[in-house]
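Novice: dropping a prediction and its sequence here:
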Amino acid sequence: MERAAEEGWYTDDELALLARVTELATGSTDEGVVVEVGVYRGRSARVLDRHRNGRQLHLFDNLDMTTADTKQWPDGDGVYHHLADPVEEEFVKPIALFHQDADHSFRAVLEHLEWMGPHVVKGGVIVLHDFGDPTYPGVARAWEMYTENKDFKFIDCAGHCAAFQRIK
């Protein structure tokens with residue numbers, strides 16, 4: 001899998017999927033913000049910012065700030081930086097799109113899904129980076145456990161980025 005030229009962990013195909021499903025989520029719901037957990041240097045956050053259709057964008061990262069370069073994160077109207085974990089901050093808002101790319105352990109992914117998932121509105125989208133990547137088996141396992149008896153449908157995947165839409 002070839003990585004895109006800009007520094008970061010996304011291929012061009014993965015970024016195109018993220019752009020497409022962000023437009024889908026913000027175009028098919030009347031409410032909800034866009035949330036990214038795991039911003040690092042902001043590459044995927046810049047894609048979310050360009051395609052959020054005026055929705056608020058909440059960026060969460062609890063990395064050591066020598067690693068997460070917030071100067072490269074999008075900034076401006078409707079963009080909010082949170083240097084904490086959303087669970088610790090008790091972030092609760094209706095969500096149109098939730099992008100998970102933080103700690104890839106089973107426990108952390110499941111915790112984020114259990115905290116943010118119930119706030120994803122009907123028609124909203126959850127995107128998981130490193131889904132299906134053999135290096136991070138906890139991402140897919142957490143999704144399987146979280147979605148048991150929940151109403152999501154698979155939309156698409158590119159590389160190791162998978163998108164699912166809430167249908168009820």
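Specialist: Arrived safely, thanks for sending. Numbering: from 1, shown residues only.
Novice: where does the prediction get shaky in the protein?
Specialist: 1-8, 64-68 (pLDDT under 70).
Novice: remind me, longest helix of it?
Specialist: Looking across the chain with DSSP state H, the single longest helix is helix 12-28.
Novice: in that one, what's buried?
Specialist: For helix 12-28, burial by neighbour count (16 or more other C-beta atoms under 10 Å) applies to 14-15, 17-18, 20-22, 24-26. Every residue, glycine included, has its C-beta placed from N, CA and C.
Novice: also stretch 100-116?
Specialist: 100-104, 106, 108-113, 115-116.
Novice: just the C-alpha atoms of the longest helix of the chain, please, in PDB.
Specialist: Extracted in PDB, the C-alpha atoms of helix 12-28 (Å, rounded to 0.1, in the frame of the first residue of the first chain):
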ATOM      1  CA  ASP A  12      -4.700   9.100  -1.000                       C
ATOM      2  CA  ASP A  13      -7.500   6.500  -1.400                       C
ATOM      3  CA  GLU A  14      -8.100   6.600   2.400                       C
ATOM      4  CA  LEU A  15      -8.300  10.400   2.400                       C
ATOM      5  CA  ALA A  16     -10.700  10.300  -0.600                       C
ATOM      6  CA  LEU A  17     -12.900   8.000   1.300                       C
ATOM      7  CA  LEU A  18     -12.800  10.200   4.400                       C
ATOM      8  CA  ALA A  19     -13.800  13.300   2.200                       C
ATOM      9  CA  ARG A  20     -16.600  11.400   0.600                       C
ATOM     10  CA  VAL A  21     -18.200  10.000   3.700                       C
ATOM     11  CA  THR A  22     -17.800  13.400   5.500                       C
ATOM     12  CA  GLU A  23     -19.900  15.000   2.800                       C
ATOM     13  CA  LEU A  24     -22.400  12.100   2.900                       C
ATOM     14  CA  ALA A  25     -22.800  12.400   6.700                       C
ATOM     15  CA  THR A  26     -23.100  16.200   6.800                       C
ATOM     16  CA  GLY A  27     -25.300  16.200   3.800                       C
ATOM     17  CA  SER A  28     -27.700  13.500   5.000                       C
END
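Novice: residue nearest the centroid of this structure?
Specialist: Centroid-nearest residue in the chain, with C-alpha atoms, centre = their mean: residue 99, separated by 0.6 Å.
Novice: returning to that earlier point: need the max-distance pair from the buried residues of helix 12-28.
Specialist: For the buried residues of helix 12-28, with distances taken as C-beta to C-beta, the pair at the greatest spread is 14 and 26 (18.7 Å).
Novice: that older thread, go ahead and name everything in contact with the longest helix of the chain.
Specialist: If you take C-beta atoms under 8 Å, 6 or more residues apart in numbering as the criterion, helix 12-28 is touched by 4, 10, 32, 34, 43-44, 47-48, 50-55, 96-97, 99, 123-125, 127, 129, 155-161, 163, 165.
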